[in-house]
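>>> make a model of this:
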Amino acid sequence: MRDQRPLHARARQYIYEILESHAQSTRVGLIVNRFIVFLILFSIAVAVLESDPRLRAEYGSLFFWLEFFCLVIFSVEYYIRIWIAPEHLPYRQMRPLGACWSFMISPQGIVDCLAVMPLWVAMLGFNDLRVLIILRMLRVLKFARYSSGMRSLLEVLASERRALTACLVILLCATLLSATAMHIAEGHVQPDKFGTILDAMWWALVTLATIGYGDVVPATGIGKLIASVTIIGGLIMIALPVGIVANAFSEVIHRRDFIVNWSMVARVPLFSHLTAADIAHIMQLLQARQIDSGDIIFRRGEPATAMYFIAEGDVEIELGPEENGRRIRLGAGHFFGEIAVLKRVERSATVKAVSRARLLVLDAADLRVLINREPSIAAKINQIVQGRTGRSLNLEIADLEGQDEVTKEPV
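This is a model prediction of the structure:
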């Protein structure tokens, strides 16, 4: 059915898919987003080089126009992101103006605004280089949109904010106690360094952070004892937030991989009839693998060690001479490589990725265990292979114990 929405609404959704929802799954989205990432890196490099007075004096004009070009692109990107804000899922129930305003005051909108702020500041006639450099360096925050690692880290910091805040409170309390003890012990010996608790807090904070500049050190025995306790406490202070963040980061990555793998398994028609418990069991057997376009998955004549399920993308099967080199193209939801695994023979075809693909890999031994556990899967494999090749595998559980017959079916 033809889309009856106005042209501007269709255009807004198309651009939203390029910049947001399908940014990593379409060729146009990859090109646009990689170009923006390149501009971020390029503009930061220009700002770093321009901070050198000699380079600025010699190439000042070139730096200006390069920065101006980057700012224009970032400004256009910022305005487009404001325009497509109504397409974002959290804002779809809002009016267009409300959605645009909600995006502008969101963390991502603020970061995008900071990226173009130098242009607006310069247009107002404020040309303090130090302020402009700071604003230009803030563009590094835009990487949070394009880096799953940075997004995961921000998610961790947000989810563990209470625990991290508690660590900060403990650190401040330890700083205060160490500074007070050192002021009492060393204040009369080194009044210029420990004469007040505020002066001693610098030493306490540096020591607890395990930095130890060495500019302020205790001179008495009691002072050295206090310093020793403070150093040990500093090790604990560092270990607490590091352990919290590392554990939470591991949980976020594990949860994200679980969700991705679950959705990939659920999209495979061969497993569509299984219960959630069965899918959870299969997920323990499957390994996710990402293949770039043009990569060879396996070649004719290689030993068959696994079968493959296509979660995303397309692959091409190039059959051997006995099949006149016929080619078969398979897309998401299909599987391949099962015949050679079940017949225990070498690969009879070469398979390569036509586009970037996500595969689920099932080891040969695990496949036999799975078929023994779920005989209905063997029946479905028989049905699909017969429809693809015109011949049935006639799989029976007993056949899986040992099969030496050489077949000419593809892979």
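>>> how is this protein divided into domains?
7-146, 161-255, 269-401 (automatic domain parsing).
>>> can you give me the mean pLDDT across the longest one?
The average pLDDT within domain 7-146 is 81.
>>> check the separation of the first and last residues in that domain.
Counting by CA to CA, to the nearest Å, you get 29 Å between the two ends of domain 7-146.
>>> how far out from the middle of the chain is that domain?
Domain 7-146 sits 20 Å away from the centroid of its parent chain (CA atoms, centre = their mean, to the nearest Å).
>>> ditto for stretch 196-212
On CA atoms, centre = their mean, the centre of stretch 196-212 falls 37 Å from the chain's centre.
>>> buried ones in that stretch, by neighbour count?
Across stretch 196-212, burial judged by 16 or more other CB atoms under 10 Å covers Ile197, Asp199, Ala200, Met201, Trp202, Trp203, Ala204, Leu205, Val206, Thr207, Leu208. The way it works is simple: take the backbone N, C-alpha and C, and place the C-beta from them, glycine included.
>>> circling back: in CSV: the domains of the chain, plus distance to Leu154.
CSV is the format used below for the domains of the chain (distance: least, CB to CB, whole Å):
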stretch, distance to Leu154
domain 7-146, 6
domain 161-255, 10
domain 269-401, 24
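>>> for Leu153, which of these is the nearest?
domain 161-255 (6.7 Å; CB to CB).
>>> who are the neighbours in contact with the closest residue in space to Ile84 that isn't next to it in sequence?
Leaving aside its chain neighbours, Ile84 sits nearest to Tyr16 (4.3 Å; criterion: CB to CB, 6 or more residues apart in numbering). By CB atoms under 8 Å, 6 or more residues apart in numbering, the contact list for Tyr16 reads Ile84, Glu87, His88.
>>> surely the last one and Cys100 touch.
Read it as His88. No: counting by CB atoms under 8 Å, His88 stays clear of Cys100, with 10.3 Å between them.
>>> strands of the stretch 151-300 of the chain, start to end?
286-291, 296-298 (DSSP state E, counting those that start in this stretch).
>>> packing partners of the first one?
The one in question is strand 286-291. helix 221-266, strand 357-363 (3 or more CB pairs under 8 Å, 6 or more residues apart in numbering; DSSP states H and E).
>>> low pLDDT regions in the stretch 301-411 of the chain?
322-323, 378, 384-411 (pLDDT under 70).
>>> follow-up on the earlier one: helix or strand: which one has the residue nearest to Ile84?
helix 7-16 (DSSP states H and E).
>>> try Arg34
Arg34 belongs to helix 27-50, assigned by DSSP H and E.
>>> beyond that helix, next helix or strand please.
Counting by DSSP H and E, the next helix or strand C-terminal to helix 27-50 is helix 53-83.
>>> can you point out the buried residues in that next one?
Phe63, Leu66, Glu67, Cys70, Leu71, Phe74, Glu77, Tyr78, Arg81, Ile82, Trp83.
>>> C-terminal to it, what's the next element?
Scanning forward in sequence from helix 53-83 by DSSP H and E, the next helix or strand is helix 96-104.
>>> list the helices and strands that next one packs on?
Using 3+ CB pairs under 8 Å, 6+ apart, helix 96-104 sits against helix 53-83, helix 107-123.
>>> now do that helix: everything it contacts.
81-83, 85-86, 88, 90-92, 94, 109-110, 113.
>>> also stretch 79-92?
Contacts for stretch 79-92 (CB under 8 Å, 6+ apart): 12-13, 15-16, 19-20, 94, 96, 98-100, 102-104, 109, 112.
>>> what's the answer for stretch 137-156, then?
Taking CB under 8 Å, 6+ apart as the rule, stretch 137-156 contacts 33, 36-37, 40, 43-44, 47, 74, 108, 111-112, 114-115, 117, 245, 248-249, 252-253, 256.
>>> so who does Cys70 touch?
Counted by CB under 8 Å, 6+ apart, Cys70 has contacts Leu39, Phe42, Ser43, Val46.
>>> repeat that for 7 Å
Contact partners of Cys70, counting by CB atoms under 7 Å, 6 or more residues apart in numbering, are Leu39, Phe42, Ser43.
>>> and for Glu50?
Arg56, Phe63.
>>> please renumber the chain so that the first residue is 678 from this point on.
Okay, using 678 as the starting number, the last item reads as Glu727.
>>> relative to Trp760, how far out is it?
Between Glu727 and Trp760 the distance is 31 Å, computed by CB to CB, to the nearest Å.
>>> again, but for Phe715
23 Å.
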